[in-house]
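Undergrad: compute the structure for the input listed below.
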Amino acid sequence: MKNILGTFLGNLAGIAAASYLVSGFVVNPRSGVIFLALVLTLLHLTVKPIVKFLTWPFIMLTLGLGLMLINAIVLAVLDFVSKNLTIKGLESLALGTLLVWGANVLIHLFMRATSEKS
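TA: Numbering: from 1, shown residues only. Purely as a prediction, here's the structure:
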């Protein structure tokens with residue numbers, strides 16, 4: 001449960017940061033960030049494991065860097081299925097992917113550090 005909450009919070013922070021920092025990453029309306037974070041979390045829990053399983057040789061060959069491509073594909077799927085998100089161009093997709101990934105890493109590191117202290 002903590003992992004799902006961490007993923008949701010990381011996605012929320014990442015989407016909010018990307019919509020603020022990346023000009024081609026547009027969230028309409030601003031309240032749609034929570035909805036997008038929820039849908040992205042559901043995609044991470046359902047679609048991403050299947051894609052990772054199917055592409056594990058590619059992930060191994062790229063020494064894990066293929067996971068960034070999978071994250072970009074999941075974000076592009078979110079853009080496709082949601083009317084609240086518009087990603088204009090490959091550069092915006094790449095920067096948005098990096099920001100969402102970075103936010104997830106930071107949130108999960110923070111949650112791990114606080115759970116070890118308790």
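
Undergrad: leaving aside the residues next to it on the chain, what's closest to residue 40?
TA: Sequence neighbours aside, residue 11 is the residue nearest to residue 40 in space, at 4.5 Å (criterion: C-beta to C-beta, 6 or more residues apart in numbering). The C-beta positions use only the backbone N, C-alpha and C, and glycine is treated the same way.

Undergrad: any idea how far residue 1 is from the one you found?
TA: If you measure residue 11 against residue 1 using C-beta to C-beta, to the nearest Å, the figure is 16 Å.

Undergrad: the two: which has the busier surroundings?
TA: Neighbour count, other C-beta atoms under 10 Å: between residue 11 and residue 1, residue 11 has more, with 27 against 5.

Undergrad: my guess is that one meets residue 41, correct?
TA: Yes. Under the criterion of C-beta atoms under 8 Å, residue 11 makes contact with residue 41 at 5.4 Å.

Undergrad: so which residue is dead centre in the chain?
TA: The C-alpha lying nearest the average C-alpha coordinate of the chain belongs to residue 100 (C-alpha atoms, centre = their mean; 4.5 Å).

Undergrad: state which helix of this structure is the longest.
TA: helix 90-117 (DSSP state H).

Undergrad: where do the strands sit along this protein?
TA: For the chain, applying DSSP state E gives strands covering 25-27, 85-87.
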